[in-house]
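J.: sequence plus predicted model, see below.
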Amino acid sequence: MKKILLSIGIAALLASPIQAQFTVPALSYPLDALEPHIDKQTMEIHHDKHHAAYVEKLNKEVTANALLKDKSIEEIVTHVSKYNKAVRDNAGGHYNHSLFWTVMGPEGHTLGGPLLEDINATFGSFDKFKTAFADSAKTRFGSGWAWLIVDATGKLKITTTPNQDNPLMDVVKVKGTPVLALDVWEHAYYLKYQNKRPDYITAFWNVVNWDEVNKRYNEAKKKKK
Ligand code: MN3
């Protein structure tokens, strides 16, 4: 029996098509891990359908444009002005969602250390930062993202982008390295919160994975030195 299974495994491996350049990263937590703040069904559709669609369309662009071959997602978004609108939207969609999944996690993360000190120094307090970030997310018209970034001078900044743009892109005004991201497209919250984007934003704070945000902050600061 073992031998048969092994043969089937090898046959499947040999028959599988060449690995696509981009794939949807698996979540590091179950789909229901963010409940009750972000519901399982939203996560399922968002990760397995929406994100997968960006990746599929991006891979199609890779097939059509040799310049994209073997480029990392960071390389593509950083020089996104070289490419068409479909690359901008779908490479952005892939980068943004990949980051978004990692900066969330089950409840219970707290923020401390140098990032907290920097937030206090830059925004006055952690609560003032949360208010400023939430206000930006609420007032982002239509679909888009809210970001906490480290800019080229090493300073923390809150910014927003429309559609699937992000602060790494050479086409946006406020540039920097993203350390925290919030998706404010309706598909991110409509099932549970309908038109109440502010309630979704309030709930988001419960599921921020501050360890990951802290890690991204440290890496971004190191790059500036
Ligand atoms: Mn989304």
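T.: Yep, it's here.

J.: separation between the closest residue to the ion within the chain and R140?
T.: Closest to the ion within the chain is D183: 4.2 Å, counting by CB to the ion. (Glycine included, C-beta is placed from N, CA and C.) Distance of D183 to R140, given as CB to CB, to the nearest Å: 10 Å.

J.: quick one, which of those two is more surrounded?
T.: Set D183 next to R140 and count neighbours by other CB atoms under 10 Å: D183 wins out with 25 against 19.

J.: OK, contacts around that one?
T.: For D183, the contact set (CB atoms under 8 Å, 6 or more residues apart in numbering) comprises H46, N96, H97, F100, W145.

J.: residue contacts, the first one?
T.: Think H46. H97, D183, H187, A188.

J.: widest-spaced pair of the residues you listed?
T.: Distances among those were taken as CB to CB; the most separated pair is H97 and H187, at 10.7 Å.

J.: common neighbours of those two, please.
T.: Counting by CB under 8 Å, 6+ apart, the common neighbours of H97 and H187 are H46, H50.

J.: neighbour count winner among those two?
T.: H97 (24 against 13).

J.: how about the strands in the chain?
T.: Counting by DSSP state E, the chain has strands at residues 144-150, 156-162, 177-183.

J.: for H94, see how far away A52 is.
T.: 10 Å.

J.: pLDDT at F123, what is it?
T.: Reading off the per-residue confidence, F123 sits at a pLDDT of 98.

J.: quick check: chain neighbours aside, which residue is closest to it?
T.: Once flanking residues are discounted, F123 sits nearest to F129: 3.9 Å by CB to CB, 6 or more residues apart in numbering.

J.: how about the contacts made by the one you found?
T.: Going by CB under 8 Å, 6+ apart, the list of residues near F129 reads I119, T122, F123, I158.

J.: what of F123?
T.: Taking CB under 8 Å, 6+ apart, one finds F129, A132, L156 in contact with F123.

J.: what is the neighbour count of the nearest residue in space to the last one that is not next to it in sequence?
T.: The reference is to L156. Nearest non-adjacent residue to L156, counting by CB to CB, 6+ apart: T122, 4.6 Å away. T122 has 15 neighbours, counted by other CB under 10 Å.

J.: is it true that T122 touches G154?
T.: No. Contact criterion CB atoms under 8 Å: T122 and G154 do not qualify, at 10.9 Å.

J.: the helix ranked longest in the chain near the ion at all?
T.: Longest helix in the chain, counting residues (DSSP state H): helix 85-102. No. Helix 85-102 is not in contact with the ion by CB under 5 Å from the ion; minimum separation 5.7 Å.
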